[in-house]
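>>> Here is the input, now give the coordinates:
(one chain, ligands or ions: 2)
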Amino acid sequence: MLKGGAITALGAMSGTSLDGVDAAMIITDGSRIESFGETAYRSYSDAERSTLRAALGKWDGPEVDAATDIIMQAHLDLLTGFKDAQIIGFHGQTLAHDPRGRGTLQIGDGAALATALNTPVVWDFRTCDVQLGGEGAPLAPYFHFACAKYIKATEPLCFLNLGGVGNITWVDPAKSGPEVAGALLAFDTGPANAPINDLMQRRFGKPYDKNGALARGGTVAMGALELLLDEPYFARIPPKSLDRNAFPDMMDLVAELSDEDAAATFTGICAAAVARGMEHCPIPPARVLVTGGGRHNPVLMQMLAVSLDCPVMPVEEVGLDGDMLEAQAFAHLAVRVARGLPTSGPSTTGVRALVGGGEISRP
Ligand SMILES: Nc1ncnc2c1ncn2[C@@H]1O[C@H](COP(=O)(O)OP(=O)(O)OP(=O)(O)O)[C@@H](O)[C@H]1O
Ligand SMILES: CC(=O)N[C@H]1[C@@H]2OC[C@@H](O2)[C@@H](O)[C@@H]1O[C@H](C)C(=O)O
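Ligands and ions are numbered 1, 2, ... in the order given. Okay, the predicted model is just below:
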């Protein structure tokens, strides 16, 4: 176990929207963020993305092996460019997530990465939490707590991540640590960019609805939206988490709609699911800080501004980098694992006791 002060950690995340790998450096002791460092991004080619897509929802087999090769190569390409990391947090790519059934699968071999990069790698962050009865997700909340301290927040606030799936963390920055009762509440809000991306791929062969251009010209089909929000997931008390493809029939909901209305409806569903989730906050937050790719979508941001009862703004407004927060999170969590600190607990994944999930592989 590492002892002592802050160290330089590198984090890497390939998220559910399948756009690419983010990597970021951070100097932290696992509790306090001292500073943020260099970042980099490697996007997937169309061919790589379709291989990854083909493996979604699978637990093993040739599709998973082909996807794993891509994940390993993409991370090696990106991470060799960083020189000073003392430890690496490697999330890998989630292919399947079923915490109440078969478990959770993040592909990629952290031990091979440790050898190739000659640096200790912390990986497989979610399995231990799931094995102990937790949701295994979201895991960024313990990092969000450190971010709230870093930005010197004084009132309860939320971090909202709009990736493929949406997740929210309510934080009370007055508490002394993330594991303290009442410091955090976190859960996945619902589908975010993934259905929009899937629609764009299916109807236009494009990866996403850039700046919400398509959704902007459409109208939200309220019937379809309400039908989805009737799913039991949205009424469940958090903590709770979602698989990227948890609602496989979503595309059917918009099958009869024009391209514009279909895009508007999926965008509206993302915002409405967040609004529904906000009802669970113990105290209304003073603001919602938005991270993840969805904050680049002005139509989605406008829908959120209309649906929520507090100011909604991108995390850049408080000096954070919304494209890199998840990569930074896994760097921070890697240091926590190495120091024997917990990475999840009852208020974030619903696990019954505090868990420090993650395997450490040394070169
Ligand atoms: N300019 C933009 N306009 C509209 N949407 C955008 C824009 N930029 C990014 N996005 C959306 O954000 C997605 C990427 O978000 P992000 O990188 O946060 O996801 P992720 O990390 O893969 O997902 P997760 O947090 O679920 O693991 C893109 O696939 C796209 O849908
Ligand atoms: C199983 C899994 O990979 N979940 C992701 C996904 O993407 C967003 C949301 O669903 C969140 O629960 C999680 O990622 C973030 C980084 C987290 O664990 O906090």
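
>>> which one is E135 nearest to, not counting chain neighbours?
Nearest residue to E135, sequence neighbours excluded (CB to CB, 6 or more residues apart in numbering): S241, at 4.0 Å. All C-beta spots, glycine's among them, are computed from the backbone N, C-alpha and C.

>>> Does that neighbour belong to a helix, a strand or coil?
coil (DSSP: H, G, I helix; E, B strand; the rest coil).

>>> Also R42?
Going by three-state DSSP: R42 is strand.

>>> residue contacts, it?
By CB atoms under 8 Å, 6 or more residues apart in numbering, the residues touching R42 are 20-21, 23, 74, 77-78.

>>> And the buried ones among the residues you listed, selectable in PyMOL?
In PyMOL, a selection of the buried entries from the contacts of R42 looks like this (16 or more other CB atoms under 10 Å):
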select buried, resi 20+21+23+74+78
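
>>> Distance to K206 added to the contacts of R42, as CSV?
Shown next, in CSV, are the contacts of R42 (distance: CB to CB, whole Å):
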residue, distance to K206
G20, 15
V21, 20
A23, 25
A74, 21
D77, 24
L78, 24
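
>>> Sort out which of the contacts of R42 are in strands and list them.
Of the positions in the contacts of R42, 20-21, 23 sit in strands, assigned by DSSP state E.

>>> want to try a markdown table for those residues, with distance to ligand 2 as columns?
As requested, these are exported to a markdown table (distance: CB to the nearest ligand atom, whole Å):
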| residue | distance to ligand 2 |
| --- | --- |
| G20 | 14 |
| V21 | 13 |
| A23 | 14 |
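
>>> Give me the sheet partners of the helix or strand hosting G190 and which way each runs.
Using DSSP states H and E, G190 sits in strand 184-191. Strand 184-191 has its sheet partners listed here by DSSP bridges as strand 165-171 (antiparallel).

>>> ok so, going back, which residues does the residue nearest to E135 contact?
Counting by CB under 8 Å, 6+ apart, the residues that S241 touches are 97, 99, 135-138, 167, 187-188, 349.

>>> quick one: the strand holding G190 to chain centroid distance?
Centre-to-centre, strand 184-191 and its host chain are 10 Å apart (CA atoms, centre = their mean, to the nearest Å).

>>> same question, stretch 47-57
On CA atoms, centre = their mean, the centre of stretch 47-57 falls 18 Å from the chain's centre.

>>> Can you give the contact residues for it?
Under CB under 8 Å, 6+ apart, the answer for stretch 47-57 is 18, 44, 63-64, 66-67, 70-71, 74, 93, 95-96, 107, 207, 243-245.

>>> What of stretch 189-198?
16-18, 160, 162-168, 207-209, 215, 233-234, 242, 244-247, 250-251, 263, 266-267, 269-270, 273-274, 276-277, 292-294, 297.
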